[in-house]
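1. What follows is a predicted structure for the sequence shown.
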Amino acid sequence: MSDRTALPIVSPPDCQQSLGSTTIAGIVLAAGTSSRFGDENKLLAEINGKTVLVQSIQNLIESKVDIVYVVTGNEHHRVQDAIGHLDVQTITNEAYGQGQATSIRTGVRAVRQHTSIDAVLISLGDMPFITSSTINHLIATYQSDAAGIIVAGYQGRRGNPVLFDTSYLESLASVSGDTGARHFILESNDAVLVETEDPGVIQDINTSDDLK
């Protein structure tokens, strides 16, 4: 899902420049029911020889994200088996049927146990086309002190992932509903959209046609 945005738009800094040391945690939301995809779990569908979820996670692992948490729920055991070879920490959201916000809260609770984390990047398990370099652009923008909330964008459209300074974890821990942190982001005066050249930030998998 993506929308035209009223957020201030910025260009990412040069990722080759050293902008300071930060510790970034990634949260991949992978608990949903794939209701629009049909009988198959879309996260376990294959694309380019990998499952959608594995590719989505590997994009974070190959970036400058330091630690990756995966929030599972629907078909937890199958999902766990599919990603067991990856260097990630898995957390189960028993309340996944109550909306995406429950997965955000589950992931945030895990991150808050690590006081050394500076920021958290929230990504979706059904967005395998985002590149690791795009993720690095978001991190570099955060390191340049552009804002406390960094949103990926493409051609003026707001997409995913979104990076939050840990000062926002308490607010994220109280989000509700199935729109995640959308309203919280749009109401913030500390959020910017990073204009990327990556259409993957607005491409999620909803039907089998999206795999082509």
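-> Received the coordinates, thanks.
2. Relative to the longest strand anywhere in the chain, what are the paired strands and their orientations?
-> The longest strand of the chain (DSSP state E) is strand 157-165. Strands adjacent to strand 157-165 in the sheet, as given by DSSP bridges, are strand 3-4 (antiparallel), strand 119-124 (antiparallel), strand 149-154 (antiparallel).
3. Quick one: mean pLDDT for that strand?
-> The average pLDDT within strand 157-165 is 96.
4. List the buried residues for that strand?
-> By 16 or more other Cβ atoms under 10 Å, the buried positions in strand 157-165 come out as 157-165. Placement of C-beta: from N, CA and C, glycine included.
5. Look at residue 170 and say how many residues are nearby.
-> The number of residues packed near residue 170 is 10, by other Cβ atoms under 10 Å.
6. which residue ranges form the helices in the protein?
-> 52-61, 76-83, 100-111, 132-143, 169-172, 182-187 (DSSP state H).
7. Nearest approach to residue 207 belongs to which of these?
-> Nearest to residue 207 among the helices of the chain is helix 52-61; the distance by Cβ to Cβ comes to 12.1 Å.
8. mind checking how far that closest one is from the chain centre?
-> 10 Å (Cα atoms, centre = their mean, to the nearest Å).
9. do stretch 40-57 as well
-> On Cα atoms, centre = their mean, the centre of stretch 40-57 falls 16 Å from that of its chain.
10. for stretch 68-75, same thing?
-> The answer for stretch 68-75 is 12 Å, by Cα atoms, centre = their mean.
11. which two from the buried residues of strand 157-165 end up farthest apart in space?
-> 157 and 165 (23.2 Å).
12. How far does the longest strand of the chain sit from its chain's centre?
-> Distance, centroid of strand 157-165 to centroid of chain: 7 Å (Cα atoms, centre = their mean).
13. cool, stretch 117-124 as well?
-> Offset of stretch 117-124 from its chain centre (Cα atoms, centre = their mean): 7 Å.
14. who's in contact with that stretch?
-> 22-29, 56, 59-60, 65, 67, 104, 107-108, 111, 130, 135, 138-139, 142, 160-166, 169, 172, 180-181, 204 (Cβ atoms under 8 Å, 6 or more residues apart in numbering).
15. try stretch 47-60
-> Taking Cβ under 8 Å, 6+ apart as the rule, stretch 47-60 contacts 26, 28, 30, 42-46, 68, 70, 79, 82-83, 86, 88, 121, 123-128, 130-132, 135, 205, 211.
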